[in-house]
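>>> Take this sequence and fold it.
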Amino acid sequence: MQEVFEAEYAWLNNFNLTVNTGVVANQARASKDANCSGGAKASYIGGRADNYLEQRDIFANATGKYTLTISYLSGENRSATVRVNSKDTTLTNLNSGGFGTVKTISFPITLNKGKNTIRIFNTSGNTPDIDKLTIDVNKNVANVNVVLQTDKASYLESETVVMNATTSISGGTISKIEFYNGTTKLGEDASSPYSYSWKTVVAGTYSLTAVATDNVGAKTSSLPISIKVTIPQGAYNATPSIIPGKIEFEHYDVGGNGFAYLDNEATNTGGAAFRTNEDVDLETCTDEGGGYNLGWTTAGEWLEYTVNIASAGKYNLKLRAACNGDDRTISLSANGTPIATDVAIPNTTGWQIWQDVTVNDIQLEAGQQVLRLTIGATDYVNLNYMSFEAVPVVVPSISLKAGWNFIGYPLEVSANLDQALSSIWEKVEAVKNMDSFYLKSNAVFLNSLLKLNWGEGYLIKVSEDCELK
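Numbering: from 1, shown residues only. Okay, the predicted model is just below:
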C-alpha cells in the first residue's frame, strides 16, 4: 500500500465550514505553489483548536505499522501535532529552509483496518505549510522501546538523582534520549549508554520519563516512574525529644522512608490526618489523651527518634501498647546499640485496648542520640507512646566521727560544697584536699575549695559524729 494525499484536497476545517465563500486572515486555506507536487498546498494551519487540516477516509487493508511521510514548507522553526485516529505525535523544529522549499519528515504510525483519520494541528501557533501526506506500508518502520530507571526510589536533597534509559530499536537508529520531570525537560544524551544526573533536587515527589527520538524524528516515551526526595534526617519539629520524658510514636524523625523510618507500604494505611506526606501508618487513637498511634506495623519495619538524654544512667521504659494477638515483640536501640531486645507485647484483646509494658533498668548514655524502634517477627502491634523515667541513684551513707575524716566523693556530677554536704552542712567546719581548702569561719574570698568532684578524695572536719547521706 502506498497512498499520496494532497493537502490542498484535505478537509480544512474553517475553510470548508465557510463553504469556500471567503478567506479571512489566519484561516487555513488551499493556495497555489509551483514548488509543490500538485501545484498547491495547505497553509495558515493552526493558531487555534478549530483551524486544522484533516485527511479523512484513509483506508487500510489491515491493522498494522505504516510509515507516514509529511512534505512541508517553512522558513522558520515550527511545530505540529499529528493525530492518527486518537494517538498524537508532536513534531518540533520543522524548518525546510524557506516557504518555497519542500522538505520531508517520516515516522511510524498505526492504522486500523478500514477507515482512518489523520489530523494536523497546532493550538498555540502555526504549523508549516503542508504539501502532501504519503503513507507507505513497505518502508522499514522503526520500532522503538525505551525504559527509564533510577538507582533507587528515594533520595535526600543532598543526593544526585541518576537517570538511566535503555532502548531497543528495529529498522532505525536512536538520535537522542531526552529526560523529563513531568513536562519540564531536564537534559538529553545523544550517545549510548543514555543517562542524566539531576542535581540540587528539592524535597518532593516527581514523575520522570525518558523520550527517545529516532533517525526520522519520531518520538517514543518511556512509562513514567515516580521518585521521592526528602530533607536530611532530623528531629520532628527540629527539636530532639528530652529523656527523661514522654515520646509520642507519631513524632518520628523527618527524612522519609528508608532514611528516618522503614515502612513497607507506600501510603499511610491508617488514614490519619497527620503527617499525610509520609508513609508511616497512623490512625486516630482512643487512648487517654487522644492523638494518634502507630498501626498496621509489619515485621522488620522501624522508626527513629532523635533524643537528648539529660544524664547517663539507668532508666525505666514504659511502652503504651495494644494488639489483638499473641507473640508480638518490639526492640529498641540507641545509636545502633541494643538497649531492649524482643520486648514481649501482651495480647490486650483489642487494637484500641491499651496497656503499659515496662522494661526496667535500661542503661542510657548522656547527650543527643538516635533511638530506633523495630517491630519483631510477628506482624501488627499498635503503639501510642514511650516514656523514660530516671532510676534514682541510691548513695550509701558514710559515718563520720568528730574531727577529721577522709572520704571519696560518690556522686557522678560536681556540686557546690553546701549542696554536696547538705545532710551534715551545719556540722562541717573545714574541707580540704591536696590543692585547696575551705574553712567555714573564713571570709568567702579566702576559701579556694568551693566544689566537690566525682571520684576525688577529701578531708572533712565535723564538729560531732554524723551520717553523710
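
>>> Show the contacting residues for the residue nearest to Trp296 when sequence neighbours are not counted.
Spatial nearest neighbour of Trp296, excluding adjacent residues (Cβ to Cβ, 6 or more residues apart in numbering): Asp281 at 3.9 Å. All C-beta atoms are positioned from the backbone trio N, CA, C, and that covers glycine. Each residue near Asp281 by Cβ atoms under 8 Å, 6 or more residues apart in numbering is listed here: 263, 265, 268-270, 294-297.

>>> could you pull out the helices for the protein?
Counting by DSSP state H, one finds helices in the chain at the ranges 13-17, 417-420.

>>> Who are the packing partners of the longest one?
Packed against helix 13-17 by the contact rule (3 or more Cβ pairs under 8 Å, 6 or more residues apart in numbering; DSSP states H and E) you find no helix or strand.

>>> what comes into contact with that helix?
With contacts defined as Cβ under 8 Å, 6+ apart, helix 13-17 is touched by 23, 27-30, 50-54.

>>> could these go into JSON lines alongside pLDDT and distance to Tyr72?
Below are the contacts of helix 13-17 laid out as JSON lines (pLDDT from 0 to 100; distance: Cβ to Cβ, whole Å):
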{"residue": "Val23", "pLDDT": "64", "distance to Tyr72": "21"}
{"residue": "Gln27", "pLDDT": "87", "distance to Tyr72": "19"}
{"residue": "Ala28", "pLDDT": "89", "distance to Tyr72": "14"}
{"residue": "Arg29", "pLDDT": "91", "distance to Tyr72": "16"}
{"residue": "Ala30", "pLDDT": "91", "distance to Tyr72": "15"}
{"residue": "Asp50", "pLDDT": "91", "distance to Tyr72": "21"}
{"residue": "Asn51", "pLDDT": "93", "distance to Tyr72": "17"}
{"residue": "Tyr52", "pLDDT": "95", "distance to Tyr72": "15"}
{"residue": "Leu53", "pLDDT": "96", "distance to Tyr72": "11"}
{"residue": "Glu54", "pLDDT": "96", "distance to Tyr72": "16"}
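
>>> taking those one by one, which sit in strands?
Among the contacts of helix 13-17, the members found in strands (DSSP state E) are 29-30, 53-54.

>>> List only those of the residues you listed flagged as buried.
Among the ones in strands among the contacts of helix 13-17, those classed as buried by 16 or more other Cβ atoms under 10 Å are 29-30, 53.

>>> Show me how this protein divides into domains.
Domain assignment for the chain by automatic domain parsing gives 2-136, 143-230, 236-390, 398-468.

>>> roughly how far is the third one from the heart of the chain?
Here domain 236-390 shows a centroid-to-chain-centroid distance of 22 Å under the convention Cα atoms, centre = their mean, to the nearest Å.

>>> quick one: the strands in the stretch 351-469 of the chain?
Counting by DSSP state E, counting those that start in this stretch, one finds strands in the stretch 351-469 of the chain at the ranges 355-364, 367-375, 382-390, 398-400, 403-408, 415-416, 428-432, 437-439, 451-452, 457-462, 466-468.

>>> which stretch among those comes nearest Lys113?
strand 367-375 (56.9 Å; Cβ to Cβ).

>>> how about the lowest-mean-pLDDT helix or strand in the chain: buried residues?
For the chain, the helix or strand with the lowest mean confidence is helix 13-17, at a mean of 78 (criterion: mean pLDDT, DSSP states H and E). Of the residues in helix 13-17, 13-15 count as buried by neighbour count, 16+ other Cβ under 10 Å.

>>> ditto for stretch 372-381
372-376, 379, 381.

>>> Quick check: the farthest pair among these?
Using Cβ to Cβ, the pair of the buried residues of stretch 372-381 lying farthest apart is Arg372 and Asp379, separated by 18.4 Å.

>>> so for stretch 150-168, what's the average pLDDT?
Stretch 150-168 comes out with an average pLDDT of 91.

>>> Dead centre of the chain: give me the residue that sits there.
Closest residue to the average C-alpha location of the chain: Lys228 at 2.4 Å, with Cα atoms, centre = their mean.

>>> shouldn't it be in contact with Asn257?
Yes. If you go by Cβ atoms under 8 Å, Lys228 and Asn257 touch, sitting 7.2 Å apart.

>>> Spit out the residues that contact the two alike.
Counting by Cβ under 8 Å, 6+ apart, the shared contacts of Lys228 and Asn257 are Ser154.

>>> ok, Met386 to Asp356 distance?
For Met386, the distance to Asp356 equals 10 Å [Cβ to Cβ, to the nearest Å].

>>> how near is the nearest residue to Asp418 once chain neighbours are set aside to Lys113?
Spatial nearest neighbour of Asp418, excluding adjacent residues (Cβ to Cβ, 6+ apart): Trp425 at 5.4 Å. In this view, Trp425 and Lys113 are 105 Å apart by Cβ to Cβ.

>>> what's the answer for Asn61, then?
7 Å.

>>> Nearest to Ile120, out of the helices of the chain?
Ranking the helices of the chain by proximity to Ile120 (Cβ to Cβ) places helix 13-17 first, at 10.9 Å.

>>> can you give me the strands for the stretch 1-150 of the chain?
So, for the stretch 1-150 of the chain - with DSSP E, counting those that start in this stretch - the strands run 2-6, 11-12, 29-32, 40-43, 53-60, 64-74, 78-84, 87-94, 98-111, 114-121, 129-136, 143-150.

>>> Can you say which of these is nearest to Ile174?
strand 143-150 (7.2 Å).

>>> The closest one: which residues count as buried?
In strand 143-150, counting by 16+ other Cβ under 10 Å, buried: 144, 146, 148, 150.
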